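[1] Need a 3D model of the sequence below.
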Amino acid sequence: MESTPATRLETVPALGIQAILDDYACMIKALEAGEVSGVQPHLDAIKANLSAMKVISSLCAGTASATQSVIVYMITGVVGLIENVQKDVDRLTADGASLDAQSAAATEQARRIAAELRNVEAMIRENEAKLREQEEAKKRKRESRIPGLGFLKKLFYAALEAIESAIEAIGKVLGVVREQRDYLQAQLAEHSRSHSQVRAVIQALAQQKAELVQQLDTLTAVRTTLLGIQKYLQVQVVFFNDVSNFYVTASTYCDSANFNVDMATEMLGVLSDDPHAVEFVDDMKVEVLSIHTAVTRFDQMMFDLQAATHHLPSSVACDG
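    You can find the predicted model right below:
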């Protein structure tokens, strides 16, 4: 059992293992001085202290466990959000790929229409040239002298009629080809508008995906942080449970109506002889403590809490 000074320092909390050890030291001092009447107040103080610390440590252990449950619940929620956002990202990726394919197909179709349009425009230019040639031939024929001989006259009008027929045929071809050109131009314009709309949708989807990916990165970082907190909180839960178990075990000695100095000595012997190693997180680093150091660390935590609230209880003073 570790020795402690008989006089309690002002910075030591009135509750906890240090107060118990101080009361024990004062009690032994009273026995050595033959002051039997001074023993019982310290026994009562030890008993009351253990009873209070049993409740406090149990409350802390329960609070740590509840906090761990909240963290686990939060992690579960964040994981669910990550899964949902990832599904949205995957859906937008698939939609974008589908639209990209549609855009590529539309681009190819527009290319074919443009090629066909160029061919049609070439046909128009070719037929317009033919029409001009026939019109020139007709003009020249009309301006020439009509032969006087009957068979030549017939040939003249036959040639003129052939030219007229050629002009009419070329005109019809031009009409059809021009309609085809107008149709292709309209189709090309429609494809251009559709392609622009598709590209606009693709850009909007890409923006949505980028925002979702940013959310995904944020949620992933939150999950990593929570998992880290959970990891260290698991250590703290075990720490609080170990401290609580010590005070529960120590309190069993006080449950007897015949609680005496020997029982107090045996109870404190548990603190010194217990080989159990207790892990504790300090500044996000895990330390391995003896049960004595762990209980002392817990007491310091309670003292810091008491100091923060300015409610420090009084204790039995040492005589002499």
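[2] Only C-alpha atoms from now on, for both contacts and neighbour counts.
    Noted.
[3] what helix or strand does the nearest residue in space to residue 60 that is not next to it in sequence sit in?
    Of all residues not flanking residue 60 in the chain, residue 240 sits nearest, at 6.5 Å (Cα to Cα, 6 or more residues apart in numbering). In the assignment (DSSP states H and E), residue 240 maps to helix 150-254.
[4] just to revisit the earlier point, my read: the residue nearest to residue 60 touches residue 61, true?
    Yes: counting by Cα atoms under 8 Å, residue 240 does reach residue 61; the two are 4.8 Å apart.
[5] Just the buried positions in stretch 223-241, please.
    Within stretch 223-241, the residues scored as buried using 16 or more other Cα atoms under 10 Å are 223, 226-227, 230, 232-241.
[6] OK, contacts around the spatially most central residue of the chain?
    Per Cα atoms, centre = their mean, the C-alpha nearest to the average position across the chain is that of residue 219, at 1.2 Å. Residue 219 makes contact with 78, 81, 82, according to Cα atoms under 8 Å, 6 or more residues apart in numbering.
[7] what about 10 Å?
    By Cα atoms under 10 Å, 6 or more residues apart in numbering, the contact set of residue 219 is 78, 79, 81, 82, 85, 213, 225.
[8] who wins for neighbours among the residues you listed?
    In terms of neighbour count, residue 82 stands highest of the contacts of residue 219 at 20 neighbours, by other Cα atoms under 10 Å.
[9] Wait, that one touches residue 220, no?
    Yes: the pair residue 82 / residue 220 is scored as a contact, 7.1 Å apart, by Cα atoms under 10 Å.
[10] sec struct for residue 104, please.
    helix (DSSP: H, G, I helix; E, B strand; the rest coil).
[11] low-scoring stretches of this protein, by residue?
    Applying pLDDT under 70 to the chain flags the ranges 1-13, 138, 141-163, 166-167, 257, 273-275, 284, 308-320.
[12] re earlier: output the contacts of residue 219 in JSON lines; the columns should cover distance to residue 66 and secondary structure.
    What follows is the contacts of residue 219, written out as JSON lines (distance: Cα to Cα, whole Å; DSSP: H, G, I helix; E, B strand; the rest coil):
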{"residue": "78", "distance to residue 66": "18", "secondary structure": "helix"}
{"residue": "79", "distance to residue 66": "20", "secondary structure": "helix"}
{"residue": "81", "distance to residue 66": "23", "secondary structure": "helix"}
{"residue": "82", "distance to residue 66": "24", "secondary structure": "helix"}
{"residue": "85", "distance to residue 66": "29", "secondary structure": "helix"}
{"residue": "213", "distance to residue 66": "33", "secondary structure": "helix"}
{"residue": "225", "distance to residue 66": "18", "secondary structure": "helix"}
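[13] quick check, nearest of the residues you listed to residue 31?
    Distance to residue 31, by Cα to Cα, is smallest for residue 225 among those, at 55.1 Å.
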